[in-house]
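Q: what would the 3D arrangement of this be:
(one chain, ligands or ions: 1)
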Amino acid sequence: GKGNYPHFMLKEIYEQPGVIGDTLRSMWNPASGAIDLPPLDIDLAAISRITLVACGTSYLGAMVAKYWFEKVARIAADIDIASEFRYRDTPLEADGLAIFISQSGETIDTLAALRHAKEAGQKTIAIVNVPESTMAREADAVLPTLAGPEIGVASTKAFTCQLVLLACLVIATARARGAISGAEEARLSNAIAEVPSRAAEVLNGDEAIQALAAEVAEARDVLYIGRNTGYPIALEGALKLKEISYIHAEGYAAGELKHGPIALIDDTVPVIVVAPSDALFEKTFSNMQEVMARGGKVIFMSDAKGCAHIGKEAFATIELPHVHPFVAPILYAIPVQLLAYHVAVIKGTDVDQPRNLAKSVTVE
Ligand code: F6R
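A: Numbers count the residues shown, from 1 in each chain. A predicted model of the protein is given here:
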């Protein structure tokens, strides 16, 4: 049941510190303190290229992983939406690895894409939250997320568990390929180990996020912007908001604003800026200033350092704990979930069962 929560979605958002921890422990060797995947029967040192395929929120998990695989494991990684991948004639390399990400493990397009990749000679890994699902049975290897049953149609805890699992897979791949030093691996692993407690801190800030929801609920359109792994989180924020509150929302790479979408901005448009203090902070910051110069109502998500930088300029700030930039997307996923949730509650929509949507999309 929902326990003391008014909706499954809120319960599942609040379960994240626990289930992220469970997923992490399944990839962790307590004796050595190192990331240790279950045996995969796939030689991660021998793969030439990675293709990540999924739908919806799971696709945005794939997008975060693309940035990680490239930067940390120094391997080329392509991403694709399953319904596109399955009908495209992508040339796939003989030593390619294809990774399919799905909460349900049953999404028809992702399943068809998996079969397509197998026929094309790819090694396949399924990352699923339902271990007895069709994708889990058909892939060469399975990495289960331990999010527990997800009832709310909008994916929340399954997404952050996918991210933490993918982060571990990236580190294991980097190690197998000799792409990472022991010291760097230890830094990133420590950053991952902190995620459950940092996620709990993020949830402690829920009241401040809820206080902003009334403003967002008034809007007709909402923009989300971010760079690097903040870009898929911007897309995820927009997806969550539109599917449960029915407010039109778009996510953009912050650097793309001036190539069109900035024309939408006036003083009725909230712009959610995903801006952890990382190497690209200044770039995102200047995109935010461009938004403010046009009257846009900026809601700025950053850590104490980033928020101090902005002073009183923004309409509002959401302060998150400071974390290593590698794990920032996992933490920043949570406030965008909470914001969408509180806006939907104000709008009076059916949060757990949004109109026109199904939890598991088993038809094309
Ligand atoms: C959005 C959402 C959907 C799913 C998508 C894929 O909140 O839940 O976009 O992520 O339908 O579902 P799975 O992961 O089961 O393949």
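Q: next up, the contacts around K11.
A: When contacts are counted by C-beta atoms under 8 Å, 6 or more residues apart in numbering, K11 is found next to 2-3, 5. Where C-beta positions appear, they are placed from N, C-alpha and C, glycine not excepted.
Q: for those residues, give me JSON lines that also has pLDDT and distance to V291.
A: Shown next, in JSON lines, are the contacts of K11 (pLDDT from 0 to 100; distance: C-beta to C-beta, whole Å):
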{"residue": "K2", "pLDDT": "92", "distance to V291": "38"}
{"residue": "G3", "pLDDT": "92", "distance to V291": "39"}
{"residue": "Y5", "pLDDT": "97", "distance to V291": "34"}
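Q: any low-confidence regions in the chain?
A: Segments of the chain classed as low confidence (criterion: pLDDT under 70) are 311-312.
Q: flag every residue of it that's near the ligand.
A: Those residues of the chain that sit near the ligand, judged by C-beta under 6 Å from any ligand atom, are 55-58, 102-104, 107, 110, 154-155, 239, 243, 360-361.
Q: tally of neighbours for the closest residue to the ligand within the stretch 1-150 of the chain?
A: Among the residues of the stretch 1-150 of the chain, G56 lies closest to the ligand, at 1.9 Å counting by C-beta to the nearest ligand atom. For G56, the count of nearby residues is 21 (other C-beta atoms under 10 Å).
Q: give me every residue that touches it.
A: When contacts are counted by C-beta under 8 Å, 6+ apart, G56 touches 155, 239.
Q: returning to that earlier point: which one of the residues of the chain next to the ligand is nearest to L92?
A: T110 (16.4 Å; C-beta to C-beta).
Q: how close does that closest one get to V351?
A: In this structure, T110 lies at 25 Å from V351, with C-beta to C-beta, to the nearest Å as the measure.
Q: do the same with I50
A: In this structure, I50 lies at 35 Å from V351, with C-beta to C-beta as the measure.
Q: okay, these two: which has more neighbours?
A: I50 (27 against 23).
Q: am I right that the more buried one sits in a helix?
A: No: assignment of I50 by DSSP: H, G, I helix; E, B strand; the rest coil gives strand, placing it outside any helix.
Q: the closest residue to it other than its chain neighbours: how many residues sit nearby?
A: In space, and not counting its chain neighbours, I50 is closest to A77: 4.3 Å by C-beta to C-beta, 6 or more residues apart in numbering. Using other C-beta under 10 Å as the criterion, A77 is surrounded by 22 other residues.
Q: I figured A77 was touching K66, is that so?
A: Yes: using C-beta atoms under 8 Å, A77 makes contact with K66 at a distance of 4.5 Å.
Q: mutual contacts of these two, please.
A: Both A77 and K66 are in contact with L52, where contact means C-beta under 8 Å, 6+ apart.
Q: can you show me the helices along the stretch 151-300 of the chain?
A: Assigned by DSSP state H, counting those that start in this stretch, the helices in the stretch 151-300 of the chain fall at 157-176, 182-193, 195-204, 206-217, 230-245, 281-293.
Q: let me fix that: the stretch 1-150 of the chain
A: Ranges of helices within the stretch 1-150 of the chain are 8-14, 16-25, 56-73, 82-85, 108-119, 134-138, based on DSSP H, counting those that start in this stretch.
Q: got the contacts of K11 as TSV, with distance to M292 and neighbour count columns?
A: Converted to TSV, the contacts of K11 look like this (distance: C-beta to C-beta, whole Å; neighbours: other C-beta atoms under 10 Å):
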residue	distance to M292	neighbour count
K2	40	14
G3	41	9
Y5	36	14
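Q: pick the one among the residues you listed closest to R25.
A: G3 (23.1 Å).
Q: roughly how far apart are the residue lying closest to the closest one once chain neighbours are set aside and A62?
A: Of all residues beyond its chain neighbours, the one nearest G3 is K11 (6.0 Å), with distances taken as C-beta to C-beta, 6+ apart. Counting by C-beta to C-beta, the gap between K11 and A62 amounts to 26 Å.
Q: for Q122, same thing?
A: For Q122, the distance to A62 - C-beta to C-beta - is 15 Å.
Q: likewise for V273?
A: Here V273 is placed at a distance of 23 Å from A62 (C-beta to C-beta).
Q: for A358, grab the count of nearby residues.
A: The number of residues packed near A358 is 10, by other C-beta under 10 Å.
Q: tell me the contacts of the closest residue to the ligand within the stretch 251-364 of the chain?
A: Relative to the ligand, the nearest point of the stretch 251-364 of the chain is V361 (5.1 Å; C-beta to the nearest ligand atom). Counting by C-beta under 8 Å, 6+ apart, V361 touches 55, 107-109.
Q: of those residues, closest to R198?
A: C55 (28.2 Å).
Q: what's near enough to touch the closest one?
A: Here C55 is in contact with 81-83, 102, 107, 109-110, 361 (criterion: C-beta under 8 Å, 6+ apart).
Q: equivalent analysis for A167, please.
A: With C-beta under 8 Å, 6+ apart as the criterion, the residues that contact A167 are 68, 188, 192, 326-327, 330.
Q: swap in 7 Å and give it another go.
A: Residues in contact with A167, defined by C-beta atoms under 7 Å, 6 or more residues apart in numbering, are 68, 192, 327.
Q: swap in R74?
A: Contacts of R74 were listed using C-beta under 7 Å, 6+ apart, and they are 177, 179.
Q: and it, how far is that from F159?
A: From R74 over to F159 (counting by C-beta to C-beta), the distance is 26 Å.
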